[in-house]
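Chemist: Any chance you could fold what I've pasted below:
(2 chains)
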Amino acid sequence: DAKTTQPTSMDCAEGRAANLPCNHSTISGNEYVYWYRQIHSQGPQYIIHGLKNNETNEMASLIITEDRKSSTLILPHATLRDTAVYYCIVRPRRYNNNDMRFGAGTRLTVKP
Amino acid sequence: DTAVSQTPKYLVTQMGNDKSIKCEQNLGHDTMYWYKQDSKKFLKIMFSYNNKELIINETVPNRFSPKSPDKAHLNLHINSLELGDSAVYFCASSEGGRPEAFFGQGTRLTVV
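Modeler: Down below sits the predicted model:
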């Protein structure tokens, strides 16, 4: 699985967009970008994933650069409840196995 | 209804004891996982089971023995507990062909 690099921490004002970057310069053609988050004292929560096209769901948007070497998770209107550690994971899709190799992630703090 | 439930939520025990953590998922998923999150907050995959068959064992000491009596359950038994086993253990499940894994709320194990 390709290595990812994320900032250790970020702050965001409540109601503003939170843009969380992730570098994955060694990504292979068959590897997807996954994002999970972990709110304090809870289990990780899946957010979104993508291969090369931008993706959007009810939680967030994922923007992947054309060369796929980096991506940005966007929370369009951050709330205090979005304060969490956000993990960017790069790995191939495997039909019967979604084991995730979590790194250190980015600690996002949403401030009032 | 909780999708992935673990019991107990907290477990305090002495070194050398044997203990079990139970996990049940009511999502009809066919793959289940155990993760360990240590004091430095690194989250690591331990085991993955698909249809009751072990498919990942991440060089976990053989004091840890997962047991999957059926697809909905993956229990973790730990023999001869050591201080270094203190951590939060998360169970998760996923469905074949789907990208997301669902995590339980974790079991905080403290070995004294």
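Chemist: can you list contacts of stretch B:24-35?
Modeler: With contacts defined as Cβ atoms under 8 Å, 6 or more residues apart in numbering or on different chains, stretch B:24-35 is touched by A:96-99, B:1-5, B:23, B:43-51, B:55-56, B:66, B:68, B:71-74, B:76, B:89-96, B:101-103. Quick note: C-beta positions are derived from backbone N, CA and C, even for glycine.
Chemist: Which strand residues bridge B:Y33?
Modeler: Under DSSP bridges, the beta-bridge partners of B:Y33 are B:S48, B:A92.
Chemist: Which of the contacts of stretch B:24-35 are buried, as a PyMOL select command?
Modeler: In PyMOL, this line selects whichever of the contacts of stretch B:24-35 come out buried by 16 or more other Cβ atoms under 10 Å in any protein chain shown:
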select buried, (chain A and resi 97+98+99) or (chain B and resi 4+23+43+45+46+47+48+49+50+56+66+68+71+72+73+74+76+89+90+91+92+93+94+95+101+102+103)
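Chemist: Counting neighbours, what do you get for A:V33?
Modeler: Residues near A:V33, counting by other Cβ atoms under 10 Å in any protein chain shown, number 25.
Chemist: just A:M10 next, same as before
Modeler: The number of residues near A:M10, taken as other Cβ under 10 Å, comes to 16.
Chemist: Please look at it and A:T106 and confirm they touch.
Modeler: Yes - between A:M10 and A:T106 there is a contact under Cβ atoms under 8 Å: 5.7 Å.
Chemist: Chain A versus the residue of chain B most remote from its centre, what's the distance?
Modeler: Of all residues in chain B, B:G97 has its C-alpha farthest from the mean position, at 21.9 Å, by Cα atoms, centre = their mean. The spacing between B:G97 and chain A, counted by Cβ to the nearest Cβ, to the nearest Å, is 6 Å.
Chemist: just B:N51 next, same as before
Modeler: 8 Å.
Chemist: where does the spatially most central residue of chain B land on pLDDT?
Modeler: In chain B, the residue lying closest to the centroid (Cα atoms, centre = their mean) is B:W34, at 3.3 Å. Among the per-residue scores, B:W34 holds a pLDDT of 95.
Chemist: Next to chain B, which bits of chain A? Give me the list.
Modeler: Residues of chain A lying close to chain B (Cβ under 8 Å from any Cβ of the partner chain) are A:32, A:34, A:38, A:41-46, A:49, A:85, A:87, A:93, A:95-102, A:104.
Chemist: Of those, which belong to strands?
Modeler: A:Y32, A:Y34, A:Q38, A:Q45, A:Y46, A:H49, A:V85, A:Y87 (DSSP state E).
Chemist: Could I get the contacting residues of the spatially most central residue of chain A?
Modeler: The residue lying closest to the centre of chain A (Cα atoms, centre = their mean) is A:W35, at 3.3 Å. Shown in contact with A:W35 (Cβ under 8 Å, 6+ apart): A:20, A:22, A:46-49, A:60, A:62, A:73, A:86-89.
Chemist: pLDDT wise, what is B:N57 at?
Modeler: For B:N57, pLDDT reads 81.
Chemist: and it, how many neighbours?
Modeler: Other residues close to B:N57 by other Cβ under 10 Å number 14.
Chemist: got a list of what it touches?
Modeler: Per Cβ under 8 Å, 6+ apart, neighbours of B:N57: B:M46, B:F47.
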